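1. test case, fold it:
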Amino acid sequence: MFIEVTIITKVPTIGKMNIKTFNYFNNTTRKILSFANLLEGKYNISMISKKFLTIISTLTLSEMKARYRNTWAGFLWVIINPILMFSVHAIVFKHILKLNIDRYYVFLLGGLLPWIFVSSTITMTCNTFITGREILLSFQINPITILGSKVLDNFVNFISPFILLFLVLLFTDDFNIYGILTIPVSMFLLLTGTLALSLFFATLQVYFRDTQFILTFGLSILYLLTPIFYPAEMVPANLAWIVKINPVYAFVNPLQIALWDFDSAKIIPVILKSIYFNIFVITVSAYFWKRKRNELYLYI
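-> Numbering: from 1, shown residues only. Reported below is the predicted structural model:
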């Protein structure tokens, strides 16, 4: 939106009244133009946001089509993989190691599947800017839109088996209705936290190519240190600090509590902790991105 304000002032002679009149109209013009620029800025932000979301949604659909192209089972593989992981963990820890955890299948649903989403997304998107080099150099496209489309694609792949297992367990277990109502909030925090982590490591990978290998190794260790297939109460007191500073657990825990052991006294501090970690990770990622984005095209 372009707003043009034109004020023509005729000053035939230079006098005291002419100067005052000129200053008055000049100040008025400045105020009108400032207001016009403000309106234009708001309009542009709205248009940019809409365009940004449109590009992300288009790229997400493209990612999904590319993933399932030339596959005879297609979307079925996406559902089978986490369900198999869920089943193996259930057999090993519940029936072989015989962990005495009430409603263990529900516990795994709220912990293991979100973990798979976070770890697989961060690993998968780590090379996004490098592998998307040709697109980024050929078209005027925000690199974050490409990253966001991959995160959303993986989120859809996570939601599908999650809903399927949830519906199965719904007939065999009892769920707190208030806990179910908090699931959208928990999912949103999980998604935003994962997106922020993905942005940080994808940007870091451009400048430090060993990031992906270190990240894969670190996630394999963090998998064992995160209470996703065992409760946090089993962690010794001298190692509890590892759980407290674990950002992935902060993103996963609200969903785990909502499904497995819902209590308003528990869920509120857990959600607040997840919000704090989200703010921290988003702030760090945004700052790092802002500092490095101009040099990005020189290193990819």
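2. every contact and neighbour count from this point should use C-alpha atoms.
-> Will do.
3. give the helix, strand or coil label for Thr194.
-> Following DSSP: H, G, I helix; E, B strand; the rest coil, Thr194 is assigned to helix.
4. could you give the number of residues near it?
-> 25 (other CA atoms under 10 Å).
5. and what of Tyr178?
-> 13.
6. need the contact list for it.
-> Going by CA atoms under 8 Å, 6 or more residues apart in numbering, Tyr178 touches Phe262.
7. separation between it and Ala240?
-> 29 Å (CA to CA, to the nearest Å).
8. again, but for Glu233
-> From Glu233 to Ala240 the distance is 9 Å (CA to CA).
9. same question, Asp153
-> Relative to Ala240, and taking CA to CA, Asp153 is found at 34 Å.
10. then Leu296?
-> 38 Å.
11. which of those two has more neighbours?
-> Between Leu296 and Ala240, Leu296 has the larger neighbour count (other CA under 10 Å), namely 18 against 14.
12. give me the buried positions along the strand or helix carrying that one.
-> Leu296 is located in helix 296-299, with elements delineated by DSSP states H and E. Neighbour-count burial for helix 296-299 flags Leu296 (criterion: 16 or more other CA atoms under 10 Å).
13. which strands and helices sit next to that helix?
-> Contact analysis of helix 296-299 by 3 or more CA pairs under 8 Å, 6 or more residues apart in numbering; DSSP states H and E lists helix 183-207 as its packing neighbours.
14. I'd like the mean pLDDT over the next helix or strand after the helix it packs on, please.
-> Remark: after helix 183-207, the chain's next helix or strand is helix 211-225, criterion DSSP H and E. For helix 211-225, mean pLDDT is 93.
15. using PDB, list the CA coordinates for helix 211-225.
-> Taking C-alpha atoms only, helix 211-225 is exported to PDB below (Å, rounded to 0.1, in the frame of the first residue of the first chain):
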ATOM      1  CA  THR A 211      28.000 -29.900  13.400                       C
ATOM      2  CA  GLN A 212      25.900 -32.700  12.000                       C
ATOM      3  CA  PHE A 213      28.300 -35.500  13.300                       C
ATOM      4  CA  ILE A 214      28.500 -33.900  16.700                       C
ATOM      5  CA  LEU A 215      24.800 -33.500  16.800                       C
ATOM      6  CA  THR A 216      24.100 -37.100  15.900                       C
ATOM      7  CA  PHE A 217      26.500 -38.300  18.600                       C
ATOM      8  CA  GLY A 218      25.000 -35.900  21.100                       C
ATOM      9  CA  LEU A 219      21.400 -36.900  20.400                       C
ATOM     10  CA  SER A 220      22.300 -40.600  20.800                       C
ATOM     11  CA  ILE A 221      23.700 -39.800  24.300                       C
ATOM     12  CA  LEU A 222      20.800 -37.500  25.200                       C
ATOM     13  CA  TYR A 223      18.400 -40.300  24.200                       C
ATOM     14  CA  LEU A 224      19.600 -42.400  27.200                       C
ATOM     15  CA  LEU A 225      19.700 -39.400  29.500                       C
END
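16. ok, residues contacting that helix?
-> 119, 123, 126-127, 201, 204-205, 242-243.
17. the helices in the stretch 101-250 of the chain, which residues?
-> 104-125, 128-131, 133-138, 143-170, 177-181, 183-207, 211-225, 240-244, 247-260 (DSSP state H, counting those that start in this stretch).
18. and those helices, which is most packed in?
-> Of all these, helix 247-260 has the most neighbours on average by mean count of other CA atoms under 10 Å, namely a mean of 26.
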